[in-house]
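Asks: no FASTA, just this:
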């Protein structure tokens, strides 16, 4: 394993960081939440807003896991096309999930506006791009399927695509105006501040080490304190601290890395994503590009940055930037980081009540911001009235997927080998 020191741009540019104490006492509440990412913070906010006494326990710091490491695309839907969702979970549930996730970005931007969250918010749409005929066919199918559900997406021609991306590398793009970007860690801390404002109790560096159920209540113990709650929402995502029968099962891992350059010059910014849209392509080992408010170009793709083959990822990133944006002749990376994406076997999130009054959801499959925010609100409502019908997903058990370790290794090895190819 190579020596890798993660330097996360989002951590260095988070303007609204909220620091909270470690739990060091014994408290009681209506609902305890384990996990301070998008889902947990959204649930805390919506519960507190409805007058419930809420205690949230985060093992590290807010947004430590996938919430603070992702690209920051607030996308609608899943990676799957709408009819692929229906094929995997059925007509009724699939249709409900499609509608639910189509509306999810609006939930994010409504909260940003309501609580004045400072997070580089841009609701100008995202660009799903392609440079080949196979990708164009995929985008046309995606557009047609969304149209069947009443959603109109713009399919851009080569000139329109170049005008928004600033490159001739892609000849077609799907422009989704439901979507946009945020600084993801700043958004997470904004949710935390909003939850605190509404009356929620939030604690960092407070890992749950033991759980007990007695007399219809849950007791969560940390190193220095405990919480007794009527109900629990456990949402640790792909960053479970420990595997137990009260935490969602492990999943296959898809790691995604990002590298950020020095701020581009004004001349470069006239050519590179000139209207500050974000983009990603249709490749299996995809590429993403976006800018932050400092004008740094951020490139991302599948892979980790801490193993013997990871040098292929950095070398690829330099080649890719030069190919797509030749005006950035010799990119100098000042930040590099990666995060874990929890992948379920059918690429669809799973929701469960594994024990009475214990709710959990996991497996956003790379779409954490909008679904996490929306499902946090939904879990809050289910915790209040116990009605599972608030969820578009049917509740199931905590069954672990098979061969997750082998699949994770195959994904990482494949991405590393792909990035070694000279034309990748």
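Replies: That came through, no problem. These figures come from a predicted structure and were not determined experimentally.

Asks: Going along the chain, name the helices of the stretch 151-300 of the chain.
Replies: Assigned by DSSP state H, counting those that start in this stretch, the helices in the stretch 151-300 of the chain fall at 158-165, 184-197, 266-269.

Asks: Ok, which of those comes nearest residue 67?
Replies: Among the helices of the stretch 151-300 of the chain, helix 184-197 comes nearest to residue 67, with 4.6 Å by CB to CB. From N, CA and C alone the C-beta is placed, and that goes for glycine too.

Asks: Please identify the helix or strand for residue 347.
Replies: Assigned by DSSP states H and E, residue 347 falls within no helix or strand.

Asks: For residue 387, see how far away the nearest residue to it once chain neighbours are set aside is.
Replies: Once flanking residues are discounted, residue 347 sits nearest to residue 365: 4.9 Å by CB to CB, 6 or more residues apart in numbering. Distance of residue 365 to residue 387, given as CB to CB, to the nearest Å: 26 Å.

Asks: Can you pull the phi/psi pair for residue 343?
Replies: phi -110, psi 120 (degrees, to the nearest 10).

Asks: State the distance from it to residue 64.
Replies: With CB to CB as the criterion, residue 343 and residue 64 are 20 Å apart.

Asks: And the two? Which one has more around it.
Replies: Using other CB atoms under 10 Å as the criterion, residue 343 and residue 64 rank with residue 343 on top: 22 against 19.

Asks: wait, isn't that one in contact with residue 254?
Replies: Yes. Assessed by CB atoms under 8 Å, residue 343 is found in contact with residue 254 at 5.2 Å.

Asks: Touching both of these two, which residues are there?
Replies: Listed as contacting both residue 343 and residue 254 by CB atoms under 8 Å, 6 or more residues apart in numbering are residue 366.

Asks: for the spatially closest residue to residue 212 that is not a sequence neighbour, what are its contacts?
Replies: Nearest residue to residue 212, sequence neighbours excluded (CB to CB, 6+ apart): residue 219, at 4.6 Å. With contacts defined as CB under 8 Å, 6+ apart, the neighbours of residue 219 are 211, 212, 213, 226, 227, 228.

Asks: Among these, which one sits closest to residue 413?
Replies: Checking the contacts of residue 219 one by one against residue 413 (CB to CB), the nearest turns out to be residue 211, at 36.4 Å.

Asks: Helix or strand with the lowest mean pLDDT in this structure?
Replies: Within the chain, judged by mean pLDDT, DSSP states H and E, the helix or strand with the poorest mean is helix 404-420; its value is a mean of 91.

Asks: Check the offset of that one from the chain's centre.
Replies: On the basis of CA atoms, centre = their mean, to the nearest Å, helix 404-420 is displaced by 20 Å from the centre of the chain it belongs to.

Asks: so what does it touch, helix or strand wise?
Replies: With contacts taken as 3 or more CB pairs under 8 Å, 6 or more residues apart in numbering; DSSP states H and E, helix 404-420 sits against strand 252-263, strand 296-302, helix 311-324.

Asks: who does the shortest one pair up with?
Replies: Strand 296-302 has these partner strands in its sheet, going by DSSP bridges: strand 252-263 (antiparallel), strand 287-291 (antiparallel).

Asks: out of the helices of the stretch 151-300 of the chain, which comes closest to residue 7?
Replies: That would be helix 184-197 among the helices of the stretch 151-300 of the chain, by CB to CB, at 13.3 Å.

Asks: what comes up buried for the closest one?
Replies: Applying a neighbour-count criterion of 16 or more other CB atoms under 10 Å, one finds 184-196 buried in helix 184-197.

Asks: How about stretch 150-167?
Replies: Residues of stretch 150-167 classed as buried: 151, 153, 155, 156, 161, 162, 164, 165, 166, 167 (neighbour count, 16+ other CB under 10 Å).

Asks: quick one, what contacts the last one?
Replies: This means residue 167. By CB under 8 Å, 6+ apart, the contact list for residue 167 reads 272, 324, 325.

Asks: how does it look with 10 Å?
Replies: 129, 131, 161, 271-273, 279, 289, 323-327 (CB atoms under 10 Å, 6 or more residues apart in numbering).
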